[in-house]
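*Asks:* Only the shape, not the letters, is given here:
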C-alpha cells in the first residue's frame, strides 16, 4: 500500500519496486483497483505500456477490465491519458480556488495557530482555546522578551499546544513553530501565498 502522489514520475518507491520485480520476473502481471492508480503521469504510464509491449507484463487486471498486449493496450493508454488530464485539471482548479479565496480576503490553507475555520462563514475566526495565548506571545515579543524566554512561557506557563489535525498536533509549541509564527506576515494582516 503506497500513499504518495502519482503526479510526478519516479517518486513512488513501491511503484519502482513493483516495476523492478516485474523486470526480474518475480511476477508477470499487475492487479490494481483502476488503471489511474498505476500512473497519473505520462512517464509512469509509458513504462507500464512498454513493459506490456515487451512481454515483461503479461496483463494488467482491474475489476472492470483486463489489459493485454493486444488491442487492450490502446484502452490502457487512453485510461492513463485520462488520469493525467484529471490530475492536471485538478491542480489548475485548486490553484484557481486558492486565488479566488485570496482575492476576497479568505485564507485558502489550513488555519494558522490561533485561528480556526468557521465552516458556516467560510473564514478564519479566533480559536477560542489558543487565540489569547498567541496574542500573549506577540505581546511578549513586542515588549522585547527574548525568543527562548517566550518559548519557555508558551510551553510552561501558557501550556500552548498545536491544534490536533488527524494524527499530528496536540504537542507543545516547537522552536520552529514559534519562529515561523514570529516571522509570518499573516499575523500583521498580510496573506502571502
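*Replies:* Everything's here; your move. Quick caveat: nothing in here was measured; it's all calculated off a predicted structure.
*Asks:* shaky segments in this protein?
*Replies:* Applying pLDDT under 70 to the chain flags residues 1-2, 4, 6, 71.
*Asks:* remind me, longest helix of it?
*Replies:* Longest helix of the chain, by residue count under DSSP state H: helix 72-103.
*Asks:* which residues of the chain fall in strands?
*Replies:* 29-31, 59-61, 66-67, 115-118, 123-126 (DSSP state E).
*Asks:* and of these, who's closest to residue 90?
*Replies:* strand 115-118 (21.4 Å; C-beta to C-beta). (Glycine included, C-beta is placed from N, CA and C.)
*Asks:* Now do the same contact list for residue 33.
*Replies:* 62-63 (C-beta atoms under 8 Å, 6 or more residues apart in numbering).
*Asks:* Residue 19 touches residue 43, doesn't it?
*Replies:* No. In this structure, residue 19 is not within contact of residue 43 by C-beta atoms under 8 Å, at 11.5 Å.
*Asks:* higher neighbour count, those two?
*Replies:* Taking other C-beta atoms under 10 Å, residue 19 and residue 43 do not tie; residue 19 has more neighbours (18 against 11).
*Asks:* excluding its backbone neighbours, what's nearest that one?
*Replies:* Excluding its sequence neighbours, the residue lying closest to residue 19 (C-beta to C-beta, 6 or more residues apart in numbering) is residue 47, at 6.3 Å.
*Asks:* quick one: that neighbour and residue 178, what's the gap?
*Replies:* Applying C-beta to C-beta, to the nearest Å, the value for residue 47 to residue 178 is 45 Å.
*Asks:* swap in residue 18?
*Replies:* Using C-beta to C-beta, residue 18 is found at 42 Å from residue 178.
*Asks:* same deal with residue 103?
*Replies:* Using C-beta to C-beta, residue 103 is found at 31 Å from residue 178.
*Asks:* Which of the two has more residues huddled nearby?
*Replies:* Using other C-beta under 10 Å, the more surrounded residue of residue 103 and residue 178 is residue 178, with 20 against 8.
*Asks:* on that earlier part again, which of the strands of the chain sits closest to residue 93?
*Replies:* Of all the strands of the chain, it is strand 115-118 that lies closest to residue 93, at 19.8 Å by C-beta to C-beta.
*Asks:* Direction included, what does the closest one pair up with?
*Replies:* Sheet pairing of strand 115-118 (DSSP bridges) gives strand 123-126 (antiparallel).
*Asks:* tell me how far the strand it pairs with is from the chain's mean position?
*Replies:* Its chain's average C-alpha position is 22 Å from that of strand 123-126, according to C-alpha atoms, centre = their mean, to the nearest Å.
*Asks:* Next, the buried residues of that strand.
*Replies:* residue 124 (16 or more other C-beta atoms under 10 Å).
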